[in-house]
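Enquirer: Next come a sequence and a model predicted from it.
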Amino acid sequence: MFAAGLLLLTGYLIGKLAALLKLPEVTGYILAGLLVGESVTGIFPSAMNDSFIIITETALGLIALAIGVEFSASKLKRIGRATMVINLVQVFLTLAAVTLAMLLMGMDLPFALLLGAVATTTAPAASLAVAHSLRARGKFVDYIHSIIALGDAGCLLLFGLILSFIGKLLGATGGGGGDILHALREVGISLVLGLVGGFALHKITRDKKGPNELLILSLAIIFLTTATAIIFHLSPLLSNMTMGCVLVNLSARNHRLFRALEPLTPPLYALFFVIAGTELNLEVFYRRELALMGGVYILVRAAGKYCGAWLGCLASGIREPIRANLGWCMLPQAGVALGLVLLIQTSPVMQRLSESQVQVLNDMVNIVLMSVFVNELIGPPLLKMAIMRGNQNEDELEKHPA
């Protein structure tokens, strides 16, 4: 309890300091975690992370739920085929580029694949915050939000398949075809669990009006769904994402459930990012090989995101103003990426790793934390530049649509 209070207070203070310096608050939270973690003061030893697993899992559940909410039928109709094409190209190009780069850097295939899957994520919070601060509206901003939301959903599906398949690559028995079927079955059951959770929450709350009732029942179903997924070695991210998708499509009234949960998100997200920051080991900057690998990961991911968005726009016939600027909006990386690497650490498959493999896993966590830190510094200014350029061309887009 003392540690939770300390993490929240430190995160708040350094988050505010980051905001004064025109940096994202999430960067401040990660710095706060670094400050109280073993790398600096040692106030919060890494052994205490196990005591905060419920915080991490709850925050991940809410993040996945928020991604699922973006998949209303009306929004999917509005974003159209072009968004699907852009996402497919940028996700698979980033996955392939980062995986190949990590293999060339000497990383084993299972870990390179996992790092490639994590690289495909983009932080939706950054784009929302920058667009809100600029009061930006229009076709370009709609593309940004829909591509990031749909892309993160695709990333979760891709990550779930790779994580299910990865146990065999790490030395378990089994054949390739059986591995793929097992992975597909695990993803399928995760989706079914989310469907059941979404229908159950819709049914038990449709006649409820008080925000307190909605909050209690929503948390109950989120906890039960997340715990069931963990117990049966399914994907809690996919289950909660599906639950959000089901709720938003069953009834427009279900938006009140998400509004009831809103007061919980600031402290939970703050704790989540501060705890993640405690995992950052300053050794990543001292170990030449690891720092180089982190730098390559950041650069190759950026190239994959930008080129993937550009090629996707080209394939969809989208004109140059969007094509030239959309890729810059794909760089920020935060909650979903951190959630995925923390999920890897707690996966049953990873509990059977050798000591050398555990070290590689720890290196992966530090590479992603390094990427989050760098991209949360450079991402928002690039986002601002891209949105301003995109909005300057709105009139041109309306006169000459794609």
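Expert: Okay, I see it.
Enquirer: Neighbours of the residue nearest to residue 18 when sequence neighbours are not counted, how many?
Expert: Nearest residue to residue 18, sequence neighbours excluded (Cβ to Cβ, 6 or more residues apart in numbering): residue 28, at 3.1 Å. In this view, the C-beta of every residue, glycine as well, is placed from N, C-alpha and C. Counted with other Cβ atoms under 10 Å, residues neighbouring residue 28 total 27.
Enquirer: Moving C-terminal from the helix or strand residue 28 falls within, which element do we reach first?
Expert: Using DSSP states H and E, residue 28 maps to helix 25-36. Downstream of helix 25-36, the next assigned helix or strand under DSSP H and E is helix 53-69.
Enquirer: what's that following helix in contact with?
Expert: 4, 124, 149, 152-153, 156, 194, 222-223, 225-226, 230, 236-248, 258, 261, 264-265, 268-269, 271-272, 275, 335-336, 339, 342-343, 346 (Cβ atoms under 8 Å, 6 or more residues apart in numbering).
Enquirer: residues contacting the residue nearest to residue 18?
Expert: Applying Cβ under 8 Å, 6+ apart, the residues contacting residue 28 are 11, 14, 15, 16, 17, 18, 19.
Enquirer: Helices of the stretch 101-250 of the chain, start to end?
Expert: Shown for the stretch 101-250 of the chain, the helices assigned by DSSP state H, counting those that start in this stretch span residues 109-119, 124-134, 139-169, 176-205, 211-231, 236-250.
Enquirer: and residue 360, which of those helices is closest to it?
Expert: helix 109-119 (5.3 Å; Cβ to Cβ).
Enquirer: Distance from the chain centre to the helix holding residue 28, please.
Expert: 18 Å (Cα atoms, centre = their mean, to the nearest Å).
Enquirer: CA-only coordinates of it in CSV, if you can.
Expert: Extracted C-alpha coordinates of helix 25-36, given in CSV (Å, rounded to 0.1, in the frame of the first residue of the first chain):
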residue,chain,number,x,y,z
GLU,A,25,2.7,12.8,-19.1
VAL,A,26,3.4,9.1,-19.9
THR,A,27,7.1,10.1,-20.4
GLY,A,28,7.0,11.6,-16.9
TYR,A,29,5.4,8.4,-15.5
ILE,A,30,8.1,6.2,-17.0
LEU,A,31,10.8,8.5,-15.6
ALA,A,32,9.2,8.4,-12.2
GLY,A,33,9.3,4.6,-12.3
LEU,A,34,13.0,4.7,-13.3
LEU,A,35,13.7,7.1,-10.4
VAL,A,36,12.2,4.8,-7.7
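Enquirer: now it: mean pLDDT?
Expert: The average pLDDT within helix 25-36 is 83.
Enquirer: And for residue 295, the neighbour number?
Expert: Neighbours of residue 295 (other Cβ under 10 Å): 14.
Enquirer: Next: residue 223.
Expert: So residue 223, with other Cβ under 10 Å, has 14 neighbours.
Enquirer: coming back round to it: and which of the contacts of residue 28 is nearest residue 93?
Expert: residue 18 (31.7 Å).
Enquirer: Can you tell me how far that closest one is from residue 224?
Expert: Here residue 18 is placed at a distance of 36 Å from residue 224 (Cβ to Cβ, to the nearest Å).
Enquirer: and those two? which has more neighbours close in?
Expert: Using other Cβ under 10 Å, the more surrounded residue of residue 18 and residue 224 is residue 18, with 21 against 15.
Enquirer: so that one is in which element?
Expert: Secondary structure (DSSP H and E) places residue 18 in helix 2-20.
Enquirer: Which helix runs longest in the protein?
Expert: helix 355-392 (DSSP state H).
Enquirer: between that one and helix 109-119, how big is the angle?
Expert: 30 degrees (axes from the mean of the first three to the mean of the last three Cα atoms, to 10 degrees).
Enquirer: Going by neighbour count, list what's buried in helix 355-392.
Expert: By 16 or more other Cβ atoms under 10 Å, the buried positions in helix 355-392 come out as 357, 360-376, 379-380, 382-384, 386-387, 390-391.
Enquirer: ok, now stretch 237-254?
Expert: Residues of stretch 237-254 classed as buried by neighbour count (16+ other Cβ under 10 Å): 237-249, 254.
Enquirer: mind checking how far it is from the chain centre?
Expert: The answer for stretch 237-254 is 18 Å, by Cα atoms, centre = their mean.
Enquirer: that older thread, least confident of the helices of the stretch 101-250 of the chain, on average?
Expert: helix 124-134 (a mean of 63).
Enquirer: which residue sits closest to residue 92, ignoring its sequence neighbours?
Expert: Residue nearest to residue 92 in three dimensions, not counting chain neighbours: residue 308, with 7.6 Å by Cβ to Cβ, 6+ apart.
Enquirer: Quick check: the one you found vs residue 367, distance?
Expert: 20 Å.
Enquirer: got it, and residue 73?
Expert: Residue 73 is 38 Å from residue 367, by Cβ to Cβ.
Enquirer: likewise residue 144?
Expert: Distance from residue 144 to residue 367, by Cβ to Cβ: 26 Å.
Enquirer: contacting residues around stretch 353-368?
Expert: The contact list for stretch 353-368 (Cβ under 8 Å, 6+ apart) reads 107-108, 111, 114-115, 118, 170, 279-281, 283-284, 290, 293-294, 297, 333, 337-338, 341-342, 344-345, 350.
Enquirer: mind listing which of those are in helices?
Expert: 111, 114-115, 118, 283-284, 290, 293-294, 297, 337-338, 341-342, 344-345.
Enquirer: from these, which is closest to residue 326?
Expert: residue 337 (19.7 Å).
Enquirer: got any ranges where the stretch 251-400 of the chain has weak pLDDT?
Expert: Flagging of the stretch 251-400 of the chain using pLDDT under 70 yields the residue ranges 283-284, 335, 346-352, 391-400.
Enquirer: Tell me the confidence at residue 66?
Expert: According to the prediction, residue 66 has pLDDT 78.
Enquirer: Can you identify the element that follows the host helix or strand of the residue nearest to residue 92 toward the C-terminus?
Expert: Secondary structure assignment for residue 308, by DSSP H and E: helix 288-316. As assigned by DSSP H and E, the chain's next helix or strand after helix 288-316 is helix 320-325.
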